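**Student:** Please find the sequence and the predicted model below.
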Amino acid sequence: MGANRQPVSRGARSTLLRVSADMKLRAVVRLLTTPRGGKTVVVWRLAKECGRQSRTIYHWLEAYKTLGASGFVRKRSDAGVPHIYSESEFEIVIAASVRLRRHPHIKIRHEWKALNLPGSYETFRFWVRRLQFFGYLEAAPTAVKERVGA
Amino acid sequence: MHRFDDAFTYPDPQTWPADAVQNFCRATEPRSLMDVFAFRHSDQSGSFYMEDALLALQFLPVRRDEWCNDLGYPSFMFEWSKLSGYTQKLQAAGYRVWILEKAAQVNPQRSGKVVTITSARKTLGRRRQKWA
C-alpha cells in the first residue's frame, strides 16, 4: 500500500523555466497570427516549449490584449523601497547618509551601531551608498522628493 | 497599433496579411521561440520580419528609418554588415540567429534568374545556416 511512493523532498526546486517578457510576446504574436483552426495545436506547442500549461499561454494572450506588450513586464510596486526599515527609520538612514557624506571621516559601521537600526550592517551600508550615489529621489520614489547632497 | 515607444508602432498581429504570415512560417519552420531569422537581400542589406522585428526592437538599436510597416507587418531593414553585432546581442539574450538567403546566392547556376524574396523563402525554407 503505497510502498513505491517517494516522499517529495521539501527543498525540491521548481523545474519551470524562466520565461522572459520578450519570449511571452513572441508566443502571443505567434498565437495571434495563427489562423483559426490551428490555434489549439500552436498553444499546445508553445506551452510545451515554455514548460507551462496551455492556459498560461491564454493568460499571456489576455495580458497582451489588455495591456499590450507592456503587460508582460512585471514591475514591483515596492521597487526602490526598503522592506526592513519603517518610514521613520528610513528617514534616519537618509539623515545618516547625508551626515556621512558631509563628514567622510565618520565610519559607517560606527554610525550603524550608534543608530541601533534593525537589519544588518550590510543593509544599512547598502542603503547609505545607494542614497549617496543615486540620491533620495531615485532610491525611494515614494518618499519625500529631496536630493541628497548636490 | 501597438507601441513600444512613441517612435515605433506596429499593426495588430491579427491584421497582418495571412499570405505573408504563411510565407514567413513556411520559410522558417521548424522553428522554436528562440530562433530568429535574418533575411539576406544582398551583400548590403537584410531584414528581420514580423515577430523577429519586434524582438529586434527590444534588443537592438533600431533607427526610425530602418523600421517599416508598409507591408502590413513590422519589418526592420538593416545594413548587412551590422548583423554580426546584432547576432552577438541576440545570442547574449539566448536566441539563435539563422540566415535565410536568396536561392540565386546559394545556387550559382541560377544566378541569372531573378528570384523574389517570397519564392526564395519557399525554396530555402529548410536550407538555413546557423550564423557563426
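**Tutor:** Perfect, thanks for sending it.

**Student:** who are the neighbours in contact with whichever residue of chain A sits closest to chain B?
**Tutor:** Here chain A gets closest to chain B at one residue, residue A:32, 3.9 Å apart by C-beta to the nearest C-beta. Where C-beta positions appear, they are placed from N, C-alpha and C, glycine not excepted. Listed by C-beta atoms under 8 Å, 6 or more residues apart in numbering or on different chains, the contact set of residue A:32 reads A:61, A:64, B:12, B:13, B:14.

**Student:** which stretches of chain A have low pLDDT?
**Tutor:** Counting by pLDDT under 70, the ranges of chain A that qualify are A:1-18, A:74-82, A:136-150.

**Student:** Tell me the residues of it that contact chain B?
**Tutor:** Contact residues, chain A versus chain B (C-beta under 8 Å from any C-beta of the partner chain): A:20, A:22-23, A:25-30, A:32-33, A:35, A:46, A:49-50, A:68-69.

**Student:** in stretch A:121-129, what counts as buried?
**Tutor:** For stretch A:121-129, burial by neighbour count (16 or more other C-beta atoms under 10 Å in any protein chain shown) applies to A:123, A:124, A:127, A:128.

**Student:** what do you get for stretch A:97-104?
**Tutor:** Buried positions in stretch A:97-104, judged by neighbour count with 16+ other C-beta under 10 Å: A:97, A:98, A:100.

**Student:** Compile those residues into a markdown table and extend it with columns for secondary structure and distance to residue B:65.
**Tutor:** Formatted as a markdown table, these follow (DSSP: H, G, I helix; E, B strand; the rest coil; distance: C-beta to C-beta, whole Å):
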| residue | secondary structure | distance to residue B:65 |
| --- | --- | --- |
| A:97 | helix | 46 |
| A:98 | helix | 47 |
| A:100 | helix | 49 |
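
**Student:** which of these lies closest to residue B:27?
**Tutor:** residue A:97 (57.1 Å; C-beta to C-beta).

**Student:** what stretches of chain B score poorly on pLDDT?
**Tutor:** Within chain B, the set of residues satisfying pLDDT under 70 comprises B:1-7, B:103-132.

**Student:** which parts of it sit against chain A?
**Tutor:** Applying the criterion C-beta under 8 Å from any C-beta, the portion of chain B that neighbours chain A consists of B:2-4, B:12-14, B:16, B:18, B:21, B:32-34, B:50-51, B:54-55, B:58-59, B:93.

**Student:** rewinding a little: how close does the residue of chain A closest to chain B sit to residue A:128?
**Tutor:** Distance from residue A:32 to residue A:128, counting by C-beta to C-beta, to the nearest Å: 48 Å.
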